[in-house]
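In: Turn this into a structure:
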Amino acid sequence: MRKILTVFLVVSLFVMVFAPAVMAQDESVEPGLTPDSSFYFLKVWVEEFQLMFTFRAENKVELLNKFAEKRIAEAQKMIEKGKIDLAEKCLSRYEKHLNKTQSIIEKLGNEEVYMKVAEATSKHERVLNELLEKVPERARDSIEQAIEVSQTGHNRAGEALQKVLQKKIQIQEQNEGEETMIKTEQQTKTQTKECIEDCEEECEQIQERTEEQIKEQLMKDKETKQ
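Out: Prediction:
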């Protein structure tokens, strides 16, 4: 039995830890092992190791979104079996995943990550609301709390996304303003240069006319003396 568990753990760790992060984007969510299974602790270990060996913050967020969806699916399965206590534990883990996600994205300025978190939490909220309509009264508090956490995560991601977009707009406006200033400066330099050239040309013409007038006057004076 111990050998079977060891083989299962090694294989699971290899597949889960070194699997591409793109796997976390899979839309289909199945609960897999549920908390009422004696092997559920292996699933928890695998997820912890997978998260530990995922180093990019963006990939960690994707994994946490996937884990959060699994916790909801597990809670739903436990409720169907009438195991409300285990369902509540799943929802508690779901909240921890979302809190960890928030602590990560607060340090990022990644527009794409914020959008993914906003989309994921919106989906979570929709599923939880559907589940809320089907559960017995004593399970409603845990689901309502999970919905509140989901809404908070969605709002924070939306606010962060809005800040990033506003900053992009400000940078774009600033760049456009700098470009306008550069164009204006170039136009001013061009106009000044043209004005100087016109003045020089006019001065040359005046000088030529003056020289001609002086020559004419000298010719007249000479003729008068003769």
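In: Isn't Ile84 up against Glu137?
Out: No - counting by C-beta atoms under 8 Å, Ile84 does not reach Glu137; the two are 10.2 Å apart. C-beta coordinates here come from the backbone N, C-alpha and C atoms, glycine included.
In: and the two? which has more neighbours close in?
Out: Higher neighbour count among Ile84 and Glu137: Ile84, with 16 against 6, using other C-beta atoms under 10 Å.
In: give the contact list for that one.
Out: Listed by C-beta atoms under 8 Å, 6 or more residues apart in numbering, the contact partners of Ile84 are Met78, Pro136, Arg138, Ala139.
In: can you list contacts of stretch 149-157?
Out: By C-beta under 8 Å, 6+ apart, stretch 149-157 touches 94-95, 98-99, 101-102, 105, 114-115, 117-118, 121-122, 124-125, 128.
In: Which one (most neighbours) among the residues you listed?
Out: Neighbour counts for those (other C-beta under 10 Å) peak at Val117, which has 28 neighbours.
In: Does it belong to a helix, a strand or coil?
Out: helix (DSSP: H, G, I helix; E, B strand; the rest coil).
In: pretty sure it contacts Thr101?
Out: Yes - if you go by C-beta under 8 Å, Val117 and Thr101 touch, sitting 6.3 Å apart.
In: Find residues that contact each of these two.
Out: What both Val117 and Thr101 touch, as defined by C-beta under 8 Å, 6+ apart, is the set Val61, Asn65, Gly153.
In: Sitting in helices, which of the residues you listed do you find?
Out: Of the shared contacts of Val117 and Thr101, the ones assigned to helices by DSSP state H are Val61, Asn65, Gly153.
In: This protein: helices as residue ranges?
Out: Using DSSP H, helices in the chain cover 2-17, 40-52, 57-80, 84-105, 111-132, 137-225.
In: Pull out the buried residues from the shortest one.
Out: Of the residues in helix 40-52, those scored as buried under the neighbour-count criterion (16 or more other C-beta atoms under 10 Å) are Leu42, Lys43, Val46, Glu47, Gln50, Leu51.
In: Is the second one in contact with Pro31, as I believe?
Out: Spelled out, it's Lys43. No - in this structure, Lys43 is not within contact of Pro31 by C-beta under 8 Å, at 9.8 Å.
In: about what we covered before: make TSV out of the ones in helices among the shared contacts of Val117 and Thr101 and add neighbour count, distance to Ala146 and pLDDT.
Out: As requested, those are exported to TSV (neighbours: other C-beta atoms under 10 Å; distance: C-beta to C-beta, whole Å; pLDDT from 0 to 100):
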residue	neighbour count	distance to Ala146	pLDDT
Val61	25	19	89
Asn65	23	15	90
Gly153	26	11	83
